[in-house]
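In: Return a 3D structure for these sequence lines:
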Amino acid sequence: MPERVLVTGGTGTLGRLIVPRLRSAGCEVRVASRRSADVPVDLATGAGLAGAVAGCETIVHLATGVRGLYRAIHAVDVLGTQRLLEHAGRAGVRHFLYISIVGVDQIPFGYYRAKLQAERLIQRQTAVNWSILRVTQFHDLVDLYFRTTRWLPALLIPKATPCQPVDAGEVADRLCALVLGGPAGRLPDFGGPQVLGADELARAWLAATNMRRAVVALPLPGRAAAGFRAGLHTTPEHCDGQVSWQDWLARTYPGR
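Out: Numbering: from 1, shown residues only. Next up, the predicted model:
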C-alpha cells in the first residue's frame, strides 16, 4: 500500500516542490491549503481539518502564517498546529513532520517565536511520532526581498549580517526522504552551502539581474537584529546544500 500523506501548505514555495516528489516516490498525496487544493483547510479556524487528516499515515506540516500581524501568525503556526496535532492523534497518524527555521530558539523575532512554540507543542504531545527539520532561508526568500525593494534608488540591506540561503528543491528532497524513512525526532539542521554577507548576496543579485543600484547597509536596532548579525540563523557546521546562491541566480535569471 502506498504511504498516504497529507501536505499542509501544499501550494506554497516548498509544497509545490515536495508534492510531485512524494508522488513520484509512490506516495498517495493529499494537498491541504486555504487556496485551491485537494482539501480546503483553514488552520486558523480548524475548518476542514478532520476530513483532511482522515486516513492519512503521515502529515508534512508546511503551512505557516508568515504574512500579517503576530496574532494572525499565532493563529496558524501555534493554534493551527495544535489543532492539527489533535486531529492527527484521533486519526491514528503515525508520523508528523514539521519544517522549522534555524535560530528560532535563539533570535527573539515574533515569527520565530511562533515557530518555536509550534515545535514545543509537537515535542510535548505523545499521541503522534514526529520529526522536526530546521532549515536556513530559501534562495527564493532572499530574491523576493530584493525584488520587492528594487524600485528604491538603492538596495537596502542589514549591516554586517550573514545569511546561508538554501535551495528549496534540496529541502524538498530531504523532506521526501524523511517521509519515506519514518519518524526521527529532532533532526540535524539543514543549511545552504555557503554563509555569505548580505552585501555579497545583494551584489550577486544585481549582477545576475543586470540592475544598477548602490548597496546601502543599514544598522538595525534591537535584540532580534543583533541575533541576525551574530549569525544565529545560520548553521556553518551543516553546509549540506549543494546549490549555491550563484548557481540559483544563474538558473533563475539565465541570459540576463
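In: can you pull the contacts of the closest residue to G192 other than its chain neighbours?
Out: The shortest distance from G192 to any non-neighbouring residue, by Cβ to Cβ, 6 or more residues apart in numbering, is to V166 (3.7 Å). (Each C-beta comes from the backbone N, C-alpha and C, glycine too.) V166 is in contact with 135-139, 190-192, 241, 243, counting by Cβ atoms under 8 Å, 6 or more residues apart in numbering.
In: How far off centre is the helix or strand bottoming out on mean pLDDT in the chain?
Out: In the chain, no helix or strand scores lower on mean pLDDT, DSSP states H and E than helix 70-74, which sits at a mean of 82. In terms of Cα atoms, centre = their mean, to the nearest Å, the centre of helix 70-74 is found 17 Å from the chain centre.
In: and if you look at stretch 111-120?
Out: 12 Å.
In: CA atoms of stretch 28-38 as PDB?
Out: The C-alpha trace of stretch 28-38 is given here as PDB (Å, rounded to 0.1, in the frame of the first residue of the first chain):
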ATOM      1  CA  GLU A  28      -0.700   8.900  -2.200                       C
ATOM      2  CA  VAL A  29      -0.600  12.700  -1.500                       C
ATOM      3  CA  ARG A  30      -3.400  14.900  -0.300                       C
ATOM      4  CA  VAL A  31      -2.800  18.700  -0.600                       C
ATOM      5  CA  ALA A  32      -4.300  20.900   2.000                       C
ATOM      6  CA  SER A  33      -4.400  24.700   1.700                       C
ATOM      7  CA  ARG A  34      -6.700  27.700   2.200                       C
ATOM      8  CA  ARG A  35      -6.400  28.300  -1.600                       C
ATOM      9  CA  SER A  36      -7.000  25.700  -4.400                       C
ATOM     10  CA  ALA A  37      -6.000  22.300  -3.200                       C
ATOM     11  CA  ASP A  38      -7.300  18.700  -2.900                       C
END
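In: all strands of the stretch 51-200 of the chain, in order?
Out: Assigned by DSSP state E, counting those that start in this stretch, the strands in the stretch 51-200 of the chain fall at 58-61, 95-101, 129-135, 154-158, 162-163, 185-186, 196-197.
In: Who are the packing partners of the second one?
Out: It stands for strand 95-101. strand 58-61, helix 81-91, helix 110-124, strand 129-135, helix 168-181 (3 or more Cβ pairs under 8 Å, 6 or more residues apart in numbering; DSSP states H and E).
In: Name the surrounding residues that touch it.
Out: Counting by Cβ under 8 Å, 6+ apart, 14, 57-62, 81, 85, 88, 112, 115-116, 118-119, 122, 128-137, 171, 175, 178-179, 182-183, 233 sit against strand 95-101.
In: Name the residues that touch the least confident helix or strand of the chain?
Out: Applying Cβ under 8 Å, 6+ apart, the set of residues contacting helix 70-74 from outside is 44, 64-66, 110-111, 114, 117.
In: Any buried residues in that helix, and which?
Out: 73-74 (16 or more other Cβ atoms under 10 Å).
In: And stretch 177-190, by the same measure?
Out: Those buried within stretch 177-190 under the rule 16+ other Cβ under 10 Å are 178-179, 189-190.
In: between those, which is nearest A50?
Out: Ranked by distance to A50 (Cβ to Cβ), the buried residues of stretch 177-190 are led by V179 at 22.0 Å.
In: residues in contact with that closest one?
Out: V179 neighbours (Cβ under 8 Å, 6+ apart): 3, 5, 22, 25, 27, 58, 60, 95, 97.
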